[in-house]
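Provided below for reference: sequence and predicted model.
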Protein chains: 2
Amino acid sequence: MASYKLTYFNLTGLGEPIRFLMVYGGMKFEDCRIELEDWPKIKPNALFGQLPILEFEGKQINQSKAICRYLAKKVKLDGKTDWEDLEIDAIVDCINDLRFKLADYFWETDEQVKSKRKVTVFDQTLPFYLERFENIAKENEGHLALKRLTWADIYFVAILDYLSFLTEGDIIKNYPHLNSVKNNVLNIPKIKEWVAKRPKLLF
Amino acid sequence: MASYKLTYFNLTGLGEPIRFLMVYGGMKFEDCRIELEDWPKIKPNALFGQLPILEFEGKQINQSKAICRYLAKKVKLDGKTDWEDLEIDAIVDCINDLRFKLADYFWETDEQVKSKRKVTVFDQTLPFYLERFENIAKENEGHLALKRLTWADIYFVAILDYLSFLTEGDIIKNYPHLNSVKNNVLNIPKIKEWVAKRPKLLF
């Protein structure tokens, strides 16, 4: 069987949704983890200077969401119609918008700019997105789209550790329906086994 | 025939790739354009407080790239295999990363932060992305993926006016293969006709 190689940092971050999907589907893959100190020598040869990168049959591709969408088709966690795919894609992009805004604040190196952004993130950005996600999870009975498990759930739950790292707290603590989404994913036997055995990291 | 309603600002921006795709496919759609002064009253009821929004058969959805991917399937500008779709999705996400970085600089309100970002954008970000896009366009013979017209080309060319507005210049001026991508799209008769008759705006 042809197999995949995933190259990412030795972290969860944007690599973990890809790992979750391959684990869920029982796909064989090489889980290549780059230590942060080795990154400067690897970066100039990385496609767009970014990880994750997926390799398959001699081809390389970047962009985590695009890779997840591709794998979701392989493991049957995509939509059954074009509109269903659109619903999944839209919520994933919204999750990613939130991720981007949190990262934009957290990794800012100018302390003055960072402290201004912190106020916006905690007072506006987080409640704005999480209230909407919570309503969607309620309407979809513990899922983020289509009232069933899709790769949107996997994507969200797999990056939760990173989102919580960026905000130094459990961002879904006060959102019971988002906790249902989390539990629904983390209770999938193959995912549960993966989470128990994966390296214990900063995030 | 069921028809679509697109709600966006009276600008090209993130709405234009959606308009291009519907125009290309000869799809009927209502091109609802919001004036900037009316946005504050509309925003609170907009899905995630953002435009564009697409409506179809009583359902509403946001996220421009997700909408484009959906429409691309309808007008046959998607991939023929899952991997082809992945290649298109990945380059579109890279284009969007560039768009985001340019917008992040341009719309910054703190003049000191903005002038620092300007240096990074012009000295690093633009050449980094454009050189890679140029090589891809060369390898793909005037396209951004698969050596043929896909929605990646449409997406790129439709937001070029916005990207050039953000950088106050023609960003692809020195990139002949990216100009081929542009010409290939703008010479499609239906697109040419649309561009000639669309409202003349700031971008």
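Okay, I see it. Numbers count the residues shown, from 1 in each chain, chains lettered A, B, ... in the order given.

My guess is A:Leu178 contacts A:Asn135. True?
No - A:Leu178 is beyond contact range of A:Asn135, at 10.1 Å (criterion: CB atoms under 8 Å). In short, each C-beta sits where N, CA and C put it, glycine included.

Compare those two and say which is more crowded by neighbours.
Neighbour totals were compared for A:Leu178 and A:Asn135, and A:Leu178 leads with 23 against 12 (other CB atoms under 10 Å in any protein chain shown).

After the top helix by length along chain A, which helix or strand is next? Please name it.
Taking DSSP state H as the criterion, chain A has its longest helix at helix A:82-106. Per DSSP states H and E, the first helix or strand lying C-terminal to helix A:82-106 is helix A:111-120.

Give me the neighbour count for A:Gln112.
With other CB under 10 Å as criterion, A:Gln112 counts 11.

Packing partners of the longest helix of chain A?
Here helix A:82-106 touches helix A:64-74, helix A:111-120, helix A:126-139, helix A:151-167, strand B:59-62, helix B:64-74, going by 3 or more CB pairs under 8 Å, 6 or more residues apart in numbering or on different chains; DSSP states H and E.

tilt between the fourth one and helix A:82-106?
So the one you mean is helix A:151-167. Relative orientation of helix A:151-167 versus helix A:82-106 (axes from the mean of the first three to the mean of the last three CA atoms, to 10 degrees): 10 degrees.

okay, now A:Phe156: neighbour count?
If we define neighbours as other CB under 10 Å, then A:Phe156 has 27 of them.

thinking again about what came up before, in CSV, list the helices and strands packed on helix A:82-106 along with distance to B:Val92 and mean pLDDT.
Listed next are the helices and strands packed on helix A:82-106 as CSV, based on distance: least, CB to CB, whole Å; pLDDT from 0 to 100:
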stretch, distance to B:Val92, mean pLDDT
helix A:64-74, 8, 98
helix A:111-120, 27, 94
helix A:126-139, 23, 98
helix A:151-167, 17, 97
strand B:59-62, 17, 97
helix B:64-74, 6, 98
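
Can you say which of these is nearest to B:Asp110?
Proximity to B:Asp110 (CB to CB) singles out helix A:111-120 among those, at 7.2 Å.

ok, and for the closest one, which residues are buried?
Across helix A:111-120, burial judged by 16 or more other CB atoms under 10 Å in any protein chain shown covers A:113, A:117.

What helices and strands are in contact with that helix?
Short answer (3+ CB pairs under 8 Å, 6+ apart): helix A:111-120 packs on helix A:82-106.

buried ones in the helix it packs on?
A:85-99, A:101-102, A:104-106.

what angle do that helix and helix A:111-120 make?
With the same axes, to 10 degrees applied, the angle from helix A:82-106 to helix A:111-120 works out at 140 degrees.

Distance from the chain centre to helix A:82-106, please.
Computed by CA atoms, centre = their mean, to the nearest Å, the chain-centroid distance of helix A:82-106 equals 10 Å.
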